[in-house]
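Student: The following block contains a protein sequence and its predicted model.
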Amino acid sequence: MTGFIDPLEMNSAEAEEAAEPDVDPAGQDTLDRVRELVLRAHPEVVPELVRGESLSELLASVEPAQQAYVDLAARLHVDSPVTAAQPTIQAPAGGFGPAPMDLDRIPTAEKLRRGIRDRTSQPLR
């Protein structure tokens with residue numbers, strides 16, 4: 001070893017270090033959290049279209065995703081989005097009567113509420 005470092009080799013090593021992408025796991029985690037917040041704030045977007053490698057790209061993708069949702073809803077004739085706040089109600093298709101109640105499983109407050117409701121709805125004698 002002569003102790004001499006070739007400047008070309010030194011520059012190529014620095015260029016390789018600089019060429020490595022700066023992957024910041026904490027930054028990606030923050031970006032994922034912001035995306036989740038955007039999706040919660042805008043339920044009327046196509047979630048797959050809300051994406052980006054930076055905060056500005058992520059926020060810029062919201063409007064096209066919202067427009068895609070509007071176009072899709074217009075084609076499908078959907079009036080409003082179904083969110084977690086609006087659960088869908090499913091009823092049996094047949095002519096079933098009410099399900100039998102297990103009085104041991106009903107809370108005391110519910111039993112009292114039903115009893116008061118039944119008494120007040122009956123005509124006075």
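Tutor: In hand now; what should we look at?

Student: Can you tell me the SS state at residue 118?
Tutor: helix (DSSP: H, G, I helix; E, B strand; the rest coil).

Student: Just name the shakiest helix or strand of the protein by mean pLDDT.
Tutor: helix 7-19 (a mean of 58; mean pLDDT, DSSP states H and E).

Student: Next secondary structure after that helix?
Tutor: Toward the C-terminus, helix 7-19 is succeeded by helix 25-41 as the next helix or strand (DSSP states H and E).

Student: and that next one, what's its mean pLDDT?
Tutor: Averaged over helix 25-41, pLDDT sits at 86.

Student: For that helix, buried residues please.
Tutor: Within helix 25-41, the residues scored as buried using 16 or more other CB atoms under 10 Å are 31, 35, 38. No exception for glycine: its C-beta is placed from N, CA and C like everyone else's.

Student: What's the mean pLDDT across the helix or strand following that helix?
Tutor: The helix or strand immediately downstream of helix 25-41 is helix 55-60, counting by DSSP H and E. Helix 55-60 carries an average pLDDT of 91.

Student: Fine by me, we can end here.
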